[in-house]
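1. turn this into a model:
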Amino acid sequence: MLANTNRAKLRAAIWDRLEASEPEMLALCQQLIRTPSVNGADPEEKVAQVISEALIARQLSPEMPVYEPGRPNVLASLGQGDEGILFVGHMDTVPVGDGSKWSFDPFAATIQDGRLYGRGACDNKAGITIAITLLGILKEWEHALPGRVLLCCVPDEETGATGRIGIRPLLRDGYLAANQAIYTYPGLDLLCIGHRGLVRILVKAKGESTHTGGETWESGRSGANAVTALAELLLSLEKWRPAYQAHPAFPGRRPVVTPGTLIQGGEMESMVPANAQALIDMRTLPGQEAKDLLGEIRSFAKKVQQRRPGIHFEVEKLIDVPAVSIPPETPIVSALARWTERLTGQKPEIAGAGPANEGYLLIGAGIPTICGFGPPGGNAHAADEYVEVEGLLQTAKIYAAAVLDLLVPNNL
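-> Next up, the predicted model:
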């Protein structure tokens, strides 16, 4: 019995079980990769079923709340008490892109030279795999845990981290009762204590169509080109540097404006374009408000309108994800940093990430959240996405040690 042992012995026993489970963990990760869950093409239902079956096989009792048909969440928990550590991962992936750029079949889960390749390998199926494996092993010592460990696998993260059918309703319905959390994104070199914000704005240009071969267009008496007006606005925004204040969680980082990440315009070859639209992607720092940025873009648009009679702009906010951070002295930060250095020999950088994710929803709900920390990998959202095979066990041990430090008294 472990009831009379100390935390170090409990940790050693769990690590031994993790080592014995390494082949099983790798096989599960391959199975998840081989189950496509491309956002917009493959609803998460199939991969959610694989996750659910893996949890049941480990004596856990998954729940699958559904907020959109075919796109369930998968939840599991163990232990009891007021303290709770939540592991979060998203089940959807981005598309393959140009398949000719891949060295391997994106859904074959090929292992070569110590790397496991496939779409979703590091973003985010390896992190989910590790959490499933860890919960299954912790289940064996559930009686020794004076706290809870939870897993939350969500759909639809890749469309903009809105949490609309995942974290938002799960929080509303009381499923995520934890006091600290880890989003299992890849990388042990950065202990991510926050993320920059994301504001996406749609700009529509309205002009006047006329025949490009007509005399009235030639003489300037009719027609207003919405495409070139929009281009003028986008080029102005490309030079724009919004005001901001430096933040300690984001050393050396600044807000970034990327105009025209998506663009459409025109109606026919011989018509002066009466319609054009473009998406503006903005990455923000704490203190920057979407409403202020929206107002500045409208000011830029007004100046273009004044220079171009017949042009009108509509500016609409689509996504507003705030920049967030947690204090670096938060217990979960300290525990993960300590065990990463002990097990890898490298001290992770403690800072916020450039890309946004769903961490803001948890932090906003009062749950201090690591917004990314998991198995080493690379090429997320690119060809030949991979996760380091040895990183699965390494990360599982770090997670396990941190959980025990946070939940288990040393004199257990």
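2. OK, contacts around the residue nearest the centre of the chain?
-> For the chain, the residue nearest the mean C-alpha position is Asn357 (3.8 Å; Cα atoms, centre = their mean). Under the criterion of Cβ atoms under 8 Å, 6 or more residues apart in numbering, the contact list for Asn357 reads Glu157, Ala161, Tyr183, Tyr185, His195, Cys371, Gly372. Where C-beta positions appear, they are placed from N, C-alpha and C, glycine not excepted.
3. between these, which sits nearest Pro409?
-> Proximity of the contacts of Asn357 to Pro409 (Cβ to Cβ) peaks at Tyr183, which lies at 26.8 Å.
4. what about the chain, any weak spots by pLDDT?
-> 1-5, 411-412 (pLDDT under 70).
5. and the helices in it, which stretches?
-> 7-20, 22-33, 45-57, 126-140, 167-172, 215-219, 226-238, 290-307, 331-344, 359-364, 389-407 (DSSP state H).
6. mind listing what's buried along the longest one?
-> Read that as helix 389-407. 389, 391-407 (16 or more other Cβ atoms under 10 Å).
7. how about the fifth one?
-> Buried residues in helix 167-172, counted by 16+ other Cβ under 10 Å: Ile167, Arg168, Pro169, Leu170, Leu171.
8. packing partners of it?
-> When contacts are defined as 3 or more Cβ pairs under 8 Å, 6 or more residues apart in numbering; DSSP states H and E, helix 167-172 sits against strand 148-154, helix 359-364.
9. looking at those, which one is packed in the most?
-> Among the helices and strands packed on helix 167-172, the stretch with the highest mean neighbour count (mean count of other Cβ atoms under 10 Å) is strand 148-154, at a mean of 25.
10. okay, now the sheet partners of it, with direction.
-> strand 74-79 (antiparallel), strand 84-90 (parallel) (DSSP bridges).
11. in space, what's closest to Ala177 - neighbours in sequence excluded?
-> Computed as Cβ to Cβ, 6 or more residues apart in numbering, the closest residue to Ala177 that is not its neighbour in sequence is Gly84, at 6.1 Å.
12. my guess is the one you found contacts Leu145. True?
-> No. Applying Cβ atoms under 8 Å, one finds Gly84 not in contact with Leu145, separated by 10.5 Å.
13. what's the most buried one of the strands paired with strand 148-154?
-> Ranked by mean neighbour count, the strands paired with strand 148-154 are led by strand 84-90 with a mean of 26 (mean count of other Cβ under 10 Å).
14. so what's the gap between it and the chain middle?
-> Relative to its chain's centre, strand 84-90 lies at 13 Å (Cα atoms, centre = their mean, to the nearest Å).
15. now the angle from it to helix 126-140?
-> If you take axes from the mean of the first three to the mean of the last three Cα atoms, to 10 degrees, strand 84-90 sits at 150 degrees to helix 126-140.
16. and the angle for strand 84-90 with helix 45-57?
-> Going by the same axes, to 10 degrees, strand 84-90 makes 150 degrees with helix 45-57.
17. CA atoms only: put strand 84-90 into PDB for me.
-> C-alpha atoms of strand 84-90 as PDB (Å, rounded to 0.1, in the frame of the first residue of the first chain):
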ATOM      1  CA  GLY A  84      -7.900  20.100  -9.400                       C
ATOM      2  CA  ILE A  85      -5.400  20.000 -12.300                       C
ATOM      3  CA  LEU A  86      -6.900  20.200 -15.700                       C
ATOM      4  CA  PHE A  87      -5.200  18.900 -18.900                       C
ATOM      5  CA  VAL A  88      -6.700  20.400 -22.100                       C
ATOM      6  CA  GLY A  89      -6.100  19.500 -25.800                       C
ATOM      7  CA  HIS A  90      -8.000  20.100 -29.000                       C
END
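18. now, which of the contacts of Asn357 sits nearest Gly127?
-> Among these, and counting by Cβ to Cβ, the member closest to Gly127 is Tyr185, at 6.5 Å.
19. surely that closest one and Lys125 touch.
-> No. Using Cβ under 8 Å, Tyr185 makes no contact with Lys125, being 11.4 Å away.
20. what about those two, which has more around it?
-> The neighbour comparison of Tyr185 against Lys125 (other Cβ atoms under 10 Å) goes to Lys125, with 34 against 28.
21. give me the spatial nearest neighbour of that one, chain neighbours excluded.
-> Nearest to Lys125 is Leu32, by Cβ to Cβ, 6+ apart, at 4.2 Å.
22. same check on Gly213?
-> Take Gly213 and drop its neighbours on the chain: the residue closest to it by Cβ to Cβ, 6+ apart is Ser270, 6.6 Å away.
23. again, but for Gly214
-> Ser222 (7.5 Å).
24. and the one you found, how many neighbours does it have?
-> 16.
25. quick one: it and Glu208, what's the gap?
-> To Glu208, Ser222 is 7 Å away according to Cβ to Cβ, to the nearest Å.
26. what would the strands paired with strand 148-154 look like in TSV with distance to Gly366?
-> Below are the strands paired with strand 148-154 laid out as TSV (distance: least, Cβ to Cβ, whole Å):
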stretch	distance to Gly366
strand 74-79	18
strand 84-90	12
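27. figure out which of those is closest to Gln49.
-> For the strands paired with strand 148-154, distance to Gln49 was read as Cβ to Cβ. The smallest value, 8.8 Å, belongs to strand 74-79.
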